[in-house]
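[1] only geometry, no sequence info:
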């Protein structure tokens, strides 16, 4: 949004996954705070490039004015990028793409390289192990521990072109 994007679509994994529903809800919240609405309903499907390619075509057919797509993971985002290129859309000039997970295999190899949310899974796993070991030692705690993610900016995002 800070890059001038106003029509954001969302392609994500199965709606049976809490992560997919939470990411869709998070997008709606962020857009609402900026007085924007999503470009259509979230498109739920597989956590795969194949789904991303298919969903990218569906989204552009329904909303040809979309100027940004937030994807539920990097595999989906790589597939969406494929479909945008096939349809003659330039990334990020026409449509910006953001993925999720910062999975290097997809994020760095995507063309253009993918902007993505990094959950710092290594640190998250280490924290989980430490809490498990503490619980096994009789020092378990209750509650939710939140760790911030970070946006890794690469070439798939940039300012919206005028017009």
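    Thanks, I have the structure now. For clarity, every value in this text was computed on a predicted model and none was experimentally measured.
[2] doesn't residue 156 make contact with residue 3?
    No. Using CB atoms under 8 Å, residue 3 makes no contact with residue 156, being 11.3 Å away. For glycine as for every other residue, the C-beta is placed from the backbone atoms N, C-alpha and C.
[3] Residues that sit against both of these two, list them.
    In terms of CB atoms under 8 Å, 6 or more residues apart in numbering, residue 3 and residue 156 are both contacted by the residues residue 96.
[4] ok, and what's touching the helix or strand of the chain with the lowest mean pLDDT?
    Across the helices and strands of the chain, mean pLDDT, DSSP states H and E gives its lowest value to helix 121-136, namely a mean of 82. With CB under 8 Å, 6+ apart as the test, helix 121-136 has contacts from 101, 140-141, 145, 147.
[5] wait, which of those is closest to residue 52?
    Distance to residue 52, by CB to CB, is smallest for residue 101 among the contacts of helix 121-136, at 13.0 Å.
[6] tally of neighbours for that closest one?
    Residue 101 sits with 23 neighbouring residues when counted by other CB atoms under 10 Å.
[7] per-residue confidence at it?
    Looking at residue 101, its pLDDT reads 92.
[8] and what of the one 4 residues further on?
    At residue 105 the predicted local distance difference test score is 83.
[9] a helix runs through it, doesn't it?
    Yes. Using DSSP: H, G, I helix; E, B strand; the rest coil, the assignment for residue 105 is a helix.
[10] ok, it to residue 49 distance?
    Residue 105 sits 11 Å away from residue 49, going by CB to CB, to the nearest Å.
[11] Does anything pack onto the helix or strand harbouring residue 98? Which helices or strands?
    Here residue 98 sits within strand 96-100, counting by DSSP states H and E. Here strand 96-100 touches strand 68-71, helix 74-86, strand 115-118, going by 3 or more CB pairs under 8 Å, 6 or more residues apart in numbering; DSSP states H and E.
[12] How far away from the center of its chain is stretch 16-31?
    Chain-centre distance of stretch 16-31: 10 Å, with CA atoms, centre = their mean, to the nearest Å.
[13] Tell me how many other residues crowd the closest residue in space to residue 4 that isn't next to it in sequence.
    Leaving out its chain neighbours, the residue that sits closest to residue 4 by CB to CB, 6 or more residues apart in numbering is residue 160, at 3.7 Å. Here the count is done by other CB under 10 Å, and residue 160 has 18 residues near it.
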